[in-house]
Every structure is written in structure tokens, then in C-alpha cells.
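> A structural model of the following input is requested.
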Amino acid sequence: MSLVVVIPAYNAGSHIRGVLQRLSALGGGELSRVIVVDDGSVDDTAHQVRASGFQRAPLTLLQRASNGGYGAAMKDGLQAARAEAPSVVACVHADGQYSPEELPRLCSALARRKLDLLQGSRIASGTALSGGMPLYKYAANAVLNRVENHTLKLAMSDYHSGYLVYGPSALELPFGRLSDSFDFDLEVIASARARGLAVGEEPVRTHYGNEISHLNPLSYGLRALRVLWNYRRGHYASS
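Below is the predicted model of the structure:
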């Protein structure tokens, strides 16, 4: 199995080096490339990546000229990852919120359960609140989750985790037509579901530290509802 890790990064200079160090310590020989997408950062993110001394696998740094949004960074990263013809691609965030140490287990679960797309769930682990997830996020997630499960006909607990693991079929989704913003991940799930791909989740540990969130909860919630509306209209089956 060849694994490519995509790390979208925006003003992540204080965290990205630690994430790369944790990836470097992963056991096994599956990691074939790490792709960091610097989404127009105005801090020293790019410098920290170059100075990290990461040697566990080939490291690619893509620098966007300006900040295009989380989804835009993911599109660039996934496009570069596909060029490697990997078995699996995983998204790990640059702020360290999603534990890189979970990757071997998640990749194993993707293969064992014959899934095309796997999401790491902070809620399913039972550690969301103890791991520092703000109560308002936990409550909003619970409300949206009911609507999402009803609409997408799934039984998942955390549609808003960015810890996604893509199998080969999921890598063929039309990412370029999806959102440039934080609802990109939900659109990926909706697109996979619309095409009959196997989608599931696995519990992951939750950690909220001193990272800075660039997500506006209100606008994100409205975007999530729009994704569900578009799904019901058949948008993702034809996009």
C-alpha cells in the first residue's frame, strides 16, 4: 500500500513542524509522500516546512500565491497526490488537531471494511468534549448530524471532521467542481454518496489546543445546509 498525506496549511507556522515530526515517527513503510499546501500564509509556514528536516518520505511544498480557502488548498493537494497513483490519500490538518498516529489504523480500516471513503470521527470516540471541543460546536454538530444522516441515508456521527481517508474510487471524484471553503469535506461525502461509493467512519481521538480556527460557525452551518439541499436536488450525481 502506498499512502500520500495531504496537509492544507494556512498560517500554521507554530504547528506544522510538530505535525511533520509526528508523521516522521509513524511505524511501517507505507508513507510514500507528504504534500503540504501553503494556502497563501503570511507567517513562516513555508519556512518551517523547509526547515523541518523531514526525511521519512519525499516532501512536496506547494505554495499558493494567495489564500483561496480550505477547499482550494485541498484541491491542489489532491491533484498533486493523484499524480503519484497512490493506494490511499489521507488529509491531516496542519494544526495537529487530527492525530497523525491514527493513520495506520484508519488505512487498515478502509481496506478491511472495503470502504472508498473513511472519516475519522471525534464524536464516535467519546472524547470530543474531554478533548477540548467547544460545547457550542458539539451541540451544533449534533443538530446538523441528524439532518445529514436523514438526507444522506448514512449513520455517521461527525460529518464535520476534516480527517478524511480516500481510496482509489474516491480519488476520482470531481474535486474541481466542489467548494473552495470549509464545506469541501461535506461535499466530498455527498459526492461519494451520490455515486454509490462506500462511506464510513472510525473513531479518532480529539485534541483542541491553542490552534486558531479560521472557520465562521454561522456561515459554515449555512453552507452545510446548502450542501444537503443540493444533494437532494441531485447536484452531486451529475457534477
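> for Leu31, which non-adjacent residue is closest in space?
Ala57 (4.5 Å; C-beta to C-beta, 6 or more residues apart in numbering). Where C-beta positions appear, they are placed from N, C-alpha and C, glycine not excepted.
> quick one: secondary structure of that neighbour?
coil (DSSP: H, G, I helix; E, B strand; the rest coil).
> got a pLDDT number for it?
pLDDT, Ala57: 95.
> neighbours around it, how many?
19 (other C-beta atoms under 10 Å).
> how close does it sit to Gln48?
18 Å (C-beta to C-beta, to the nearest Å).
> residue boundaries of the strands in this protein?
Remark: strands assigned in the chain by DSSP state E are 3-9, 31-39, 59-64, 88-91, 117-121, 164-166, 199-203.
> now those in TSV, with mean neighbour count and distance to Met74?
Compiled in TSV, these are given as follows (neighbours: other C-beta atoms under 10 Å; distance: least, C-beta to C-beta, whole Å):
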stretch	mean neighbour count	distance to Met74
strand 3-9	27	5
strand 31-39	24	7
strand 59-64	17	11
strand 88-91	25	7
strand 117-121	25	14
strand 164-166	25	9
strand 199-203	20	17
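> tabulate those (a markdown table), appending distance to His150.
As requested, those are arranged in a markdown table below (distance: least, C-beta to C-beta, whole Å):
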| stretch | distance to His150 |
| --- | --- |
| strand 3-9 | 29 |
| strand 31-39 | 33 |
| strand 59-64 | 36 |
| strand 88-91 | 26 |
| strand 117-121 | 18 |
| strand 164-166 | 21 |
| strand 199-203 | 15 |
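> residues making contact with stretch 56-75?
Stretch 56-75 is contacted by residues 6, 8-10, 20, 23-24, 26, 31-41, 46, 49-50, 52, 76-77, 80, 91, 162, 175-176, 178-185, 187, 214 when judged by C-beta atoms under 8 Å, 6 or more residues apart in numbering.
> contact partners for Val165?
Val88, Val89, Ala90, Cys91, Leu103, Leu106, Cys107, Leu110, Leu117, Leu118, Gln119, Gly120.
> now swap in Val92 and tell me
By C-beta under 8 Å, 6+ apart, the residues touching Val92 are Val5, Val6, Ile7, Val19, Leu23, Tyr98, Pro100, Leu103, Tyr163.
> excluding chain neighbours, give the residue nearest to the third one in space.
Ranked by C-beta to C-beta, 6+ apart and with sequence neighbours excluded, the top spatial neighbour of Ile7 is Val36, at 4.7 Å.
> ok, what's across the strand from that neighbour?
Ile7, Leu61 (DSSP bridges).
> can you tell me how far it sits from Leu222?
Distance from Val36 to Leu222, by C-beta to C-beta: 30 Å.
> what ranges do the helices span in this protein?
Using DSSP state H, the helices of the chain run over 16-24, 45-50, 70-82, 103-112, 135-152, 184-194, 217-232, 235-238.
> centroid residue for this structure?
Gly162 (3.3 Å; C-alpha atoms, centre = their mean).
> need phi/psi at that one.
Recorded main-chain torsions at Gly162 are phi -90, psi 10, according to degrees, to the nearest 10.
> quick one, what contacts it?
With contact set as C-beta under 8 Å, 6+ apart, Gly162 has these partners: Tyr70, Cys91, His93, Tyr98, Asp185.
> and if you look at Leu197?
Taking C-beta under 8 Å, 6+ apart, one finds Asp116, Leu117, Ser169, Ala170 in contact with Leu197.
> just give the nearest non-adjacent residue to the first one, would you?
Read it as Asp116. Asp116 sits nearest to Leu197 (C-beta to C-beta, 6+ apart), 3.9 Å away.
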